[in-house]
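Engineer: Got a predicted structure here, sequence first:
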Amino acid sequence: MVKSEVSTNVVSETLVEPDLKKQEQNQSHKDGSVRHAEKRRTGTCQFADRVAQVSIEKYREVVPVKWRQENQQVCLATIVAHFKTSLRKQTLPDNETVDKVNGEDENETTAIQGPENDLLIVMGLGVGTKFLSEEKILSDAESDIKGSYGKRIRDSHAEVLARRAFRRALTVEIKSLQLSASSRSENNNQDEDGDDSSCRSMDSFGILRQVKKDTEPTTEGEMREPSSCTYALKDGVTLHMYTSSTPCGNSALKKFSKMKREKFDSSIPPDTWPRNPHPCFDAHSLQLGQCSLLVKKNGTKTGPGTENDPGGNETHAIDTSRIEKKQQNWPANLTDDWCPPGTTLPHFGRGSLHSCSDKICRWNCLGLQGSLLSSLLNKPLYMDTLTVGRKFTSCISQRAVCCRANGYCYDGNITETNGNKNDDDENQNFYRLNHPSIMGTGVYLDDTGTLDMSNSKVVGQDVRFLSKLCWVWWSERSSIESNTDKMENAECIDGEEGLLFSYNQMENLAQVPCEDNKMNEYSLISTYALSNSFLGLINEEIPKNY
C-alpha cells in the first residue's frame with residue numbers, strides 16, 4: 001500500500017497527462033429528455049431511512065431557505081444519536097411531551113420516533129464539497145502570526161464538517177456535565193451511600209454519563225479518591241453516520257468486487273439495523289489500487305495539462321520515497337488515471353488532504369471523538385451504522401470505510417498496565433477495527449429536482465456543486481438538563497477560505513468573508529477553537545471566544 005509518511009527525498013519524473021477529451025464518454029438523448037437529480041434507488045431497511053429522514057429534516061431546519069432553494073444539489077452528512085425506549089423515558093424532562101420531541105414545537109430539537117418510541121437526534125451536521133487549495137494550506141502552515149494556526153478549516157467536505165460538529169457537541173456536553181457536578185459538589189449533594197454525586201450517571205438529556213475513576217495512588221503509596229471523572233456513552237445510546245452521497249475516494253472506486261443491487265429487508269424492525277458480519281476481505285488487487293490511500297486533488301493550478309487547459313502536458317515531481325521499493329512499479333502508483341473523480345495519489349504532489357473514505361476508515365480505527373477528547377473518555381466512540389444515499393454500493397463501501405484496514409489496526413483490546421506492580425488493575429484501551437453496518441437509503445435529499453438531458457451530455461458531468469459556501473451545525477443546549485438547542489441556525493463557512501462567512505438572506509445586503517468585515521473570523525469547529533475548548537475542559541486558561 002502507499003505510505004502516507006512524508007520524506008524529503010524527491011525524484012523528479014515526467015508524468016504526461018492523458019488527453020482528457022479522449023476519456024470523455026458522451027450520451028445522446030432526445031429533446032425534452034430529463035432525469036431525476038437523484039437516481040431511483042432502494043434502501044436497506046426502515047432504520048436507514050429514518051436516519052436519513054431526521055438528517056434531512058435538520059438540514060432544512062437550520063440552513064437558510066434562500067440558500068437551499070438556490071443550491072438543491074448538495075452533499076449533506078450527519079452524526080445521529082439513537083436512544084432506546086428505556087433510556088428515552090429516563091432522559092426526557094418531566095414537563096416534556098411526546099409531541100415536542102417529535103418536533104412539533106419549532107424551538108425543539110428535530111427528532112424521529114419509531115413505533116417503539118425510540119429516538120433519533122442529530123448531534124452534528126455538515127454541508128459542503130470544498131477544501132483549501134494547496135497554496136493556502138502551505139501558507140497557513142508557514143504563517144508566523146502568533147496564534148493563527150488552525151483557524152482555517154482546511155477540509156470542508158460534509159463528512160469532515162459533521163464529525164467536527166460532533167466533537168464540538170461532545171465538548172459542550174462535557175462542559176455542562178462538569179458545571180452540573182461542580183454545582184452539586186458545592187451544595188454537598190451526596191447520595192444515600194455517601195458517594196460524590198459529581199460522578200454519577202445523570203438522568204437527564206444527553207448522550208454521555210460520568211464514570212467515576214478508580215482510586216489512585218499517592219506519592220506515599222496510599223490510595224485516594226480520584227480528582228476527576230471520565231465520560232462514556234449512556235447505556236442504550238448508539239451513534240450513526242449519514243452521508244447523502246458516497247464519500248469521495250475509495251468508496252467511489254466501483255471495481256474489484258462483485259456488485260449487486262440493494263434489497264429492502266422489511267423483516268428488520270424500524271428501531272434496529274442489520275448486524276451481519278462483513279464478508280472476509282480479499283486484497284487481491286493491491287497493485288491496481290484496491291486499497292490505496294487517496295487525496296483530494298488540488299483544482300487551483302493553471303497552465304498546460306490542468307483543468308483550465310486539459311489538452312496539454314504537465315510535469316510533476318513524484319516523491320517515490322513515500323512508496324515502498326517493491327511497490328514503486330505497481331500500475332496504481334505510476335498514474336492516477338484510475339482514481340475516482342476529484343482524487344489523486346499522495347506522492348504526485350497534487351494534494352495533501354486525505355479523501356473522506358480514508359478519513360472514515362481512520363475513524364473506524366480510532367473513534368469519532370478525536371485525539372484530545374479521547375483522554376477524557378473511558379473508550380473510543382465508534383459508529384454502529386453508516387447510511388449512504390447517492391451512488392451507494394454495499395460491498396464497495398465496506399471495503400472503503402473499514403475492511404481494507406485489516407492488518408493495519410489492532411483488532412481487539414490493547415491492554416496496558418498502569419506501571420504500579422502492586423496494583424492488579426489494568427487500564428484498557430478499547431481501540432479496534434470497527435465494522436459498522438453499511439446501509440443504503442431510499443430517502444432523497446433532492447426529491448423534486450430534474451436535470452435536462454436533451455442532446456449530448458458528458459457521462460457523470462450533470463451534477464455540479466457550485467456554491468463555495470458550507471454549513472455546519474451541532475447540538476448545543478443551554479444546560480445538560482435542557483431539551484432545547486441554543487444553536488437554531490447553522491454556521492456558514494467559506495469553503496475556499498476556511499473562515500466564517502457572513503451570509504445574508506436579503507439580496508440587497510453584501511455577503512463577505514468575516515475576516516473582511518472585522519468579525520470573529522474562525523469557526524467554533526476549527527482546530528484552533530476545538531483545541532482551546534478542550535483546554536477549558538481540563539481547567540486551563542481559555543480564550544474569550546470559547
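Structural biologist: Noted; the coordinates are in hand.

Engineer: As a check, name the ranges of all helices in the protein.
Structural biologist: For the chain, the helices identified by DSSP state H occupy 20-23, 46-62, 65-70, 85-91, 98-101, 134-141, 158-186, 356-366, 370-373, 394-401, 527-537, in order along the chain.

Engineer: on contacts alone, who are the packing partners of the second one?
Structural biologist: In this structure, helix 46-62 makes packing contacts with strand 76-83, strand 111-113, strand 119-127, strand 237-245, strand 383-390, strand 437-440, strand 469-474, judged by 3 or more Cβ pairs under 8 Å, 6 or more residues apart in numbering; DSSP states H and E. Quick note: C-beta positions are derived from backbone N, CA and C, even for glycine.

Engineer: so that helix versus strand 237-245, what angle?
Structural biologist: Between the direction of helix 46-62 and that of strand 237-245, the angle (axes from the mean of the first three to the mean of the last three Cα atoms, to 10 degrees) works out to 70 degrees.

Engineer: Show the contacting residues for L377.
Structural biologist: Shown in contact with L377 (Cβ atoms under 8 Å, 6 or more residues apart in numbering): 230-232, 369.

Engineer: Check the spacing between it and C356 real quick.
Structural biologist: L377 sits 24 Å away from C356, going by Cβ to Cβ, to the nearest Å.

Engineer: between the helices of the chain, which one is nearest to I79?
Structural biologist: helix 158-186 (4.3 Å; Cβ to Cβ).

Engineer: Now do the closest residue to D447 other than its chain neighbours: how many residues are near it, please.
Structural biologist: Counting by Cβ to Cβ, 6 or more residues apart in numbering, the nearest residue to D447 once its immediate chain neighbours are dropped is E38, at 7.1 Å. Under the neighbour criterion other Cβ atoms under 10 Å, E38 is assigned a count of 20.

Engineer: Could you do the one 4 residues further on as well?
Structural biologist: A count of nearby residues for T42, using other Cβ under 10 Å, gives 12.

Engineer: which residues touch it?
Structural biologist: By Cβ under 8 Å, 6+ apart, the contact list for T42 reads 261-264, 440, 442.

Engineer: Please pick the buried ones from the residues you listed.
Structural biologist: Applying 16 or more other Cβ atoms under 10 Å to these, the neighbour count classes 262, 440 as buried.

Engineer: Looking at the contacts of T42, which are in strands?
Structural biologist: G440 (DSSP state E).

Engineer: Which of the contacts of T42 sits closest to Q210?
Structural biologist: Distances from those to Q210 were compared by Cβ to Cβ; the smallest belongs to G440, at 37.1 Å.

Engineer: what separates that closest one from W363, distance-wise?
Structural biologist: Distance, G440 to W363, using Cβ to Cβ: 20 Å.

Engineer: For the stretch 251-400 of the chain, give me the ranges with low pLDDT.
Structural biologist: For the stretch 251-400 of the chain, residues meeting the criterion pLDDT under 70 lie at 299-317.

Engineer: switch the cut-off to 90
Structural biologist: Along the stretch 251-400 of the chain, the parts satisfying pLDDT under 90 run over 255, 257-262, 264, 279-284, 298-329, 333-335, 347-350.

Engineer: dump the residue contacts of T129.
Structural biologist: Taking Cβ under 8 Å, 6+ apart as the contact definition, T129 lies against 74-75, 156-158, 465, 470, 495.

Engineer: Please name the nearest non-neighbouring residue to C395.
Structural biologist: If the residues on either side of it in the chain are set aside, C395 comes closest to S257, at 4.4 Å by Cβ to Cβ, 6+ apart.

Engineer: Just send the helices of the chain back as a markdown table, with mean neighbour count and distance to W273 too.
Structural biologist: Output for the helices of the chain, formatted as a markdown table (neighbours: other Cβ atoms under 10 Å; distance: least, Cβ to Cβ, whole Å):
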| stretch | mean neighbour count | distance to W273 |
| --- | --- | --- |
| helix 20-23 | 9 | 39 |
| helix 46-62 | 23 | 5 |
| helix 65-70 | 12 | 29 |
| helix 85-91 | 16 | 16 |
| helix 98-101 | 15 | 21 |
| helix 134-141 | 15 | 38 |
| helix 158-186 | 22 | 19 |
| helix 356-366 | 23 | 16 |
| helix 370-373 | 18 | 25 |
| helix 394-401 | 24 | 13 |
| helix 527-537 | 19 | 30 |
